[in-house]
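> Below: sequence and its predicted model.
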Protein chains: 2
Amino acid sequence: MQITRQADYAIRAMLYLARAGKGQRVATSDVAEAQHIPPSFLAKIVSQLSIAGLLHTSRGARGGITLARDPSQITLLEVVEAIDGPIRLNECVTGEGICVFEGTCPIKPVWCDAQVELVRRLKSVNFAMLAQGQQAEFANAIG
Amino acid sequence: MQITRQADYAIRAMLYLARAGKGQRVATSDVAEAQHIPPSFLAKIVSQLSIAGLLHTSRGARGGITLARDPSQITLLEVVEAIDGPIRLNECVTGEGICVFEGTCPIKPVWCDAQVELVRRLKSVNFAMLAQGQQAEFANAIG
DNA sequence: CATAAACAGGTCATCCTTATCTGATTTAGA
DNA sequence: TCTAAATCAGATAAGGATGACCTGTTTATG
């Protein structure tokens, strides 16, 4: 019930790029240093984010990585799912035919509902908001 | 980002007990068969639930397991956390001093808020509701 | 006493996560 | 053209989590 370290790294890397500005090339090693991410580990994460179409890479001298879209067009959900795969709170939520008790199970709706809400929240946050620190709508308290 | 199979099994076992009625002794093997849970695996889960104080066990012939409390007094959250441990969407949500960027990180509040909401939902569902199928308040749709 | 059942624990295979390393490939600039 | 910088791709490995099984041990009932 937790996102992976990789996904966390990916988010922080994307945030760093968003702050650098769209179209601004940044070396992966710079991102790694600034965000305290193991450099060789970040390389793999960058590769995945590139395949997912979330950032562009430029090889060669003075190369680097940059956001593929405007930060406001990239949501937290996209980054998380690009690394960890689709969010699902329980196996049965994936679709039909997974659980034997499909249809009569009173628990599945609870998971489905909670998942929809979670996804909705992550989708509502984009990297322009994060880069500017405009997440004031979210409370900071943990009960 | 998913509860473990163990937690899912635990929930289904508790649901079965809730349906049987409080104080009604049920053999673990019966639960396993009815809920399609590997018997020897369920034994371990039952042990954890017992330690957590969620159910009582009786050894010997005609022994079995039964809910420790009234189903209405046992929440979905309790069962999940008894097996999987406390819910936390990201490592940093646990407390202070985990993340280097504590305080300036714009992402942490998002996780905290989403987690509070998730916990609140799981806490709002008890096993009396589940046993009677009274989860109509929850939508069944997945977006 | 014999039986049924929970209990404790150890073992095992498999996968996931995290992380590192290496070599190949590409490209900008001197 | 040559070199340095940087990504790309794949192999590797440690460690832990997960799911599952199996074997005794204890205990209450008949």
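Sure thing, it's come through.

> measure A:Ala52 to DNA strand C for me?
16 Å (CB to the nearest atom of the strand, to the nearest Å). Every residue, glycine included, has its C-beta placed from N, CA and C.

> My understanding was that that residue contacts A:Ala82; is that so?
Yes. Judged on CB atoms under 8 Å, A:Ala52 makes contact with A:Ala82 at a distance of 3.7 Å.

> who's more crowded, those two?
A:Ala82 (20 against 15; other CB atoms under 10 Å in any protein chain shown).

> Can you name the residues that contact the more buried one?
A:Ala10, A:Gln48, A:Leu49, A:Ala52, A:Leu54 (CB atoms under 8 Å, 6 or more residues apart in numbering or on different chains).

> out of these, which are inside helices?
Among the contacts of A:Ala82, the residues falling in helices (DSSP state H) are A:Ala10, A:Gln48, A:Leu49.

> Can you select the buried ones from those in PyMOL?
Entered in PyMOL, the line below selects the buried ones among these, by 16 or more other CB atoms under 10 Å in any protein chain shown:
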select buried, chain A and resi 10+49
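
> can you list the ones in helices among the contacts of A:Ala82 in CSV and add distance to chain B and pLDDT?
Listed next are these as CSV, based on distance: CB to the nearest CB, whole Å; pLDDT from 0 to 100:
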residue, distance to chain B, pLDDT
A:Ala10, 11, 96
A:Gln48, 16, 94
A:Leu49, 16, 94
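
> Tell me the one among the ones in helices among the contacts of A:Ala82 nearest to B:Lys123.
Distance to B:Lys123, by CB to CB, is smallest for A:Ala10 among these, at 30.4 Å.

> shouldn't that closest one be in contact with A:Ile83?
Yes. If you go by CB under 8 Å, A:Ala10 and A:Ile83 touch, sitting 4.9 Å apart.

> Report the set of residues contacting both of these two.
Once CB under 8 Å, 6+ apart is applied, the residues that A:Ala10 and A:Ile83 both contact turn out to be A:Ile45, A:Gln48, A:Leu49.

> how about the first one, secondary structure?
Of the three states, A:Ile45 takes helix according to DSSP: H, G, I helix; E, B strand; the rest coil.
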